[in-house]
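1. Coordinates for the following, if possible.
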Amino acid sequence: MTQKYYKRALIIGGGISGLGAAQLLAKRCTLIRVSDGKKILPRLRDQFIKIGAEIFEGGHSDAHLEQCDVMICSPGVPESHPLIALSKHRKIPIFSEIDLAMAEYSGTTVAVTGTNGKSTICAMIAHSLKNLGHNALPGGNFGDPPSKMLAENRSPDYLILELSSYQLEISRFKSSKVAIFSNFSFDHLGRHGTLETYFRAKWSIFATLIPKGIGYVTPEVLDLCRKYQIEPISNIKVIEPSSSVYKDLTPSHLRSPHNILNFCFAATSVAFLTGYSDKEISSSLQDFTGLPYRCQKIGSFFGVEVTNDSKSTNVDSTLAALKGCSSPVILFMGGQGKGEPYTPILDQTQKIGALVAFGSSGQVIYDELSTVRHRYCFRSLKEAVSALKALILQHQYPVLFSPGCASFDEFENYEQRGQFFSDQIILMEGNS
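-> Alright, predicted model coming up:
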């Protein structure tokens with residue numbers, strides 16, 4: 001994308017990505033319009049108004065595209081959106097917010113995707129590079145939208161982009177020096193329709209590589225590439241923890257199976273980017289403590305350890321959390337389901353001392369995991385947490401809050417859900 005030729009822009013989506021795009025475009029566009037199918041949050045609306053954007057909310061109209069010579073799409077906008085079809089018909093260029101930023105960015109880009117773990121890999125890479133003396137920032141689906149960073153003159157030497165399938169589906173940039181596809185499992189069929197379409201959206205991350213760039217995958221991801229008859233590109237290498245030089249160098253507090261894999265991806269990428277030695281890279285991650293709401297130890301309450309894994313929004317992530325447990329737990333699982341079966345959780349039945357199902361998918365989880373001996377079902381997370389003290393006194397197991405579902409039945413996002421869970425436990429113990 002060559003932005004300097006575009007002066008009148010329509011942005012689809014009034015969220016944080018749309019705002020970042022508007023802030024970056026405000027430096028050169030004479031007209032910025034923002035169209036959103038819902039009401040824009042007041043705090044974001046005020047910022048759009050501040051930069052002089054025209055706002056249309058509560059529905060889209062063909063008229064919003066009049067006089068515009070470019071359209072910028074936020075990640076939540078599917079390719080089937082009617083304004084995308086209209087733009088194509090009128091031969092109006094269409095770009096993602098990521099494309100917009102990448103056309104401005106001149107540093108080194110690392111692109112990371114995967115069903116689970118991509119935020120942790122991005123955070124590890126950024127953390128390692130910073131500790132090695134480089135200016136590095138995470139962005140995209142984790143951290144700020146890159147357009148917002150650039151609009152605020154925060155242009156790091158290394159930009160570590162977490163990219164969802166939604167972002168990749170509509171992005172066309174080609175500036176990644178490293179691209180990572182960490183893992184793949186059932187998710188987002190409401191958007192993509194089939195697992196193959198979802199996989200292909202993820203695989204397109206390798207189309208962002210520059211000629212001398214490199215891609216990293218697991219053997220399982222490469223097998224799926226072959227299954228879906230996708231031609232693998234030549235500059236892809238397989239990361240397998242069992243044969244990686246970094247397995248034995250993984251810091252002791254990161255030695256759960258999924259974090260060993262994350263560490264290997266991060267360390268291999270940093271080595272390629274910088275040329276530092278294995279030991280130097282390992283040392284740079286010794287003080288990495290993980291992310292909020294991703295298997296985060298929040299303390300000991302009512303005599304047992306409580307782990308907040310609210311970032312778990314699919315069954316695979318709950319399985320990974322259970323595999324990292326050294327003893328049986330009281331597992332909190334529930335929220336807005338994605339249509340996937342919950343029965344794979346039964347592979348870790350020995351780790352489930354008691355199951356607490358909650359939310360709109362609570363009853364389905366309760367029914368499908370019927371072989372778990374101690375099961376409870378609640379209409380909401382608030383009701384489930386209110387019973388926690390009694391459950392701990394009865395079972396005396398640590399608590400793992402790993403919902404395995406989206407949060408949207410009760411909360412705006414997984415962060416709000418995770419904060420609610422932590423706050424309620426602290427409040428309960430303070431009142432006990």
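
2. burial count for Gln350?
-> Here the number of neighbours of Gln350 (other Cβ atoms under 10 Å) works out to 10. In this view, the C-beta of every residue, glycine as well, is placed from N, C-alpha and C.

3. So for it, what's the pLDDT?
-> Looking at Gln350, its pLDDT reads 96.

4. got a list of what the residue lying closest to it once chain neighbours are set aside touches?
-> Nearest residue to Gln350 in three dimensions, chain neighbours excluded: Pro328, at 7.1 Å (Cβ to Cβ, 6 or more residues apart in numbering). Pro328 sits next to Gln350, Lys351, Ile352, Gly353, Tyr397 when contact means Cβ atoms under 8 Å, 6 or more residues apart in numbering.

5. I'd like those residues laid out as TSV, including distance to Ser277.
-> Putting the contacts of Pro328 into TSV (distance: Cβ to Cβ, whole Å) gives the following:
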residue	distance to Ser277
Gln350	40
Lys351	37
Ile352	42
Gly353	44
Tyr397	42
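
6. Of these, which belong to strands?
-> Among these, the members found in strands (DSSP state E) are Ile352, Gly353.

7. Which one (most neighbours) among the contacts of Pro328?
-> Ile352 (24 neighbours).

8. Which is the succeeding secondary structure element to the host helix or strand of Ala384?
-> Using DSSP states H and E, Ala384 sits in helix 381-386. Per DSSP H and E, the first helix or strand lying C-terminal to helix 381-386 is helix 388-395.

9. For the helix or strand following that next one, which strands pair with it and how are they oriented?
-> Using DSSP H and E, the next helix or strand after helix 388-395 towards the C-terminus is strand 399-401. According to DSSP bridges, strand 399-401 forms sheet pairs with strand 304-308 (parallel), strand 329-334 (parallel).

10. now, the most widely separated pair of the contacts of Pro328?
-> Gln350 and Tyr397 (12.3 Å; Cβ to Cβ).

11. sorry, back to before: which neighbouring elements make contact with the helix holding Ala384?
-> strand 329-334, strand 352-358, helix 414-431 (3 or more Cβ pairs under 8 Å, 6 or more residues apart in numbering; DSSP states H and E).

12. same for the helix or strand that comes right after the second one, what does it pack against?
-> On the C-terminal side of strand 352-358, the closest following helix or strand by DSSP H and E is helix 362-368. Judged by 3+ Cβ pairs under 8 Å, 6+ apart, helix 362-368 is in contact with strand 329-334, strand 352-358, strand 375-378.

13. Now do the buried residues in helix 362-368.
-> Gly362, Val364, Ile365, Tyr366, Glu368 (16 or more other Cβ atoms under 10 Å).

14. Name the nearest of the contacts of Pro328 relative to Gln424.
-> Distance to Gln424 across the contacts of Pro328 (Cβ to Cβ) is lowest for Tyr397, with 18.6 Å.

15. Name the nearest residue to that closest one, sequence neighbours excluded.
-> Per Cβ to Cβ, 6+ apart, closest to Tyr397 is Gly353, 3.9 Å.

16. ok, now Ile365?
-> Ala357 (4.1 Å).

17. ok, the one you found touching Ser370?
-> No. Contact criterion Cβ atoms under 8 Å: Ala357 and Ser370 do not qualify, at 11.1 Å.

18. Let me know whether Phe358 touches Gly334 as I believe.
-> Yes. Using Cβ under 8 Å, Phe358 is in contact with Gly334, at 3.7 Å.

19. Can you pull the residues that touch both of the two?
-> Phe378, Leu381, Ala384.

20. and the residue lying closest to the second one once chain neighbours are set aside, bridged to which residues?
-> Looking back up the chat, that one is Leu381. Excluding the flanking residues, the one nearest Leu381 by Cβ to Cβ, 6+ apart is Phe358, at 5.2 Å. Bridge pairing for Phe358 (DSSP bridges) gives the partners Gly334, Phe378.

21. Likewise for Val112?
-> Glu162, Ile180.

22. buried sites along stretch 38-58?
-> Per 16+ other Cβ under 10 Å, stretch 38-58 contains these buried residues: Ile40, Leu44, Arg45, Gln47, Phe48, Ala53, Ile55, Phe56.

23. Likewise for stretch 202-210?
-> When neighbours are counted by 16+ other Cβ under 10 Å, the buried residues of stretch 202-210 are found to be Lys202, Trp203, Ser204, Ile205, Phe206, Thr208, Leu209.

24. Show me those residues that map onto strands.
-> Per DSSP E, the buried residues of stretch 202-210 map to strands at Leu209.
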